[in-house]
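# just the structure for this:
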Amino acid sequence: MEKGTFGGGCFWGVEAAFRELQGVVSTQVGYEGGRTEHPTYQEVCSDGTGHAEVVEVTFDPDRVSYDELLALFWRCHDPTQFNRQGPDFGSQYRSVIFCHTTGQQEAAEASREREDLSGRHRKRIVTEIVSASTFWRAEEYHQQYLEKRESGRNEHKL
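Just a heads-up that it's a prediction; the model follows:
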């Protein structure tokens with residue numbers, strides 16, 4: 001198994017997108033790239049810790065390639081928005097790829113260049129590509145948040 005870590009705005013939707021991809025074994029949402037230890041959601045949302053909301057993806061490289069993860073990442077958010085996604089703004093919502101290996105770094109940089117030249121975006125891509133640092137798992141209620149919320153709705157319909 002390998003890990004990939006991606007930040008593309010609020011981590012709930014990004015996590016849900018990765019969970020649908022065949023070959024993804026598990027996901028967890030959390031915070032990475034900041035300067036404080038054990039940050040809380042409230043601290044990260046204040047935009048004072050330097051962390052980004054991210055999804056750590058554990059995947060089976062025999063079933064899904066890192067390039068396929070990158071392709072999904074580009075589709076599931078707007079990589080041209082600096083420190084924001086839609087109505088959410090602040091550096092915690094930045095577009096960022098945290099690379100765990102030099103191979104991931106090279107693949108991410110090549111993928112970003114291809115995506116930037118693809119003509120799919122009216123503005124240039126601002127996604128950061130940096131080495132992975134400490135991943136801090138978010139509070140439990142954030143894990144698979146959209147799935148929990150959807151299953152809760154279905155239970156009320158019974």
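# return the residues in contact with Ser95.
Gly7, Gly8, Gly9, His77, Asp78, Pro79, Gln81, Gln85, Ile125, Val126, Thr127, Glu128 (CB atoms under 8 Å, 6 or more residues apart in numbering). In short, each C-beta sits where N, CA and C put it, glycine included.
# ChimeraX command for the buried members of those residues?
Selecting only the buried members of these in ChimeraX, with burial defined as 16 or more other CB atoms under 10 Å, works like this:
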select :7,8,9,77,78,79,81,85,125,126,127
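# tabulate the contacts of Ser95 (TSV), appending distance to Gly119 and secondary structure.
Output for those, formatted as TSV (distance: CB to CB, whole Å; DSSP: H, G, I helix; E, B strand; the rest coil):
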residue	distance to Gly119	secondary structure
Gly7	24	strand
Gly8	20	strand
Gly9	23	coil
His77	18	coil
Asp78	15	coil
Pro79	14	coil
Gln81	18	coil
Gln85	21	strand
Ile125	12	coil
Val126	17	coil
Thr127	17	coil
Glu128	22	strand
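# list just the nearest of the contacts of Ser95 to His51.
Distance to His51, by CB to CB, is smallest for Gly7 among these, at 9.1 Å.
# can you pull the buried residues of the longest helix along the chain?
In the chain, assigned by DSSP state H, the helix with the most residues is helix 102-117. Buried residues in helix 102-117, counting neighbours by 16+ other CB under 10 Å, are found at Gln104, Gln105, Ala107, Ala108, Ser111, Arg112, Glu115, Asp116.
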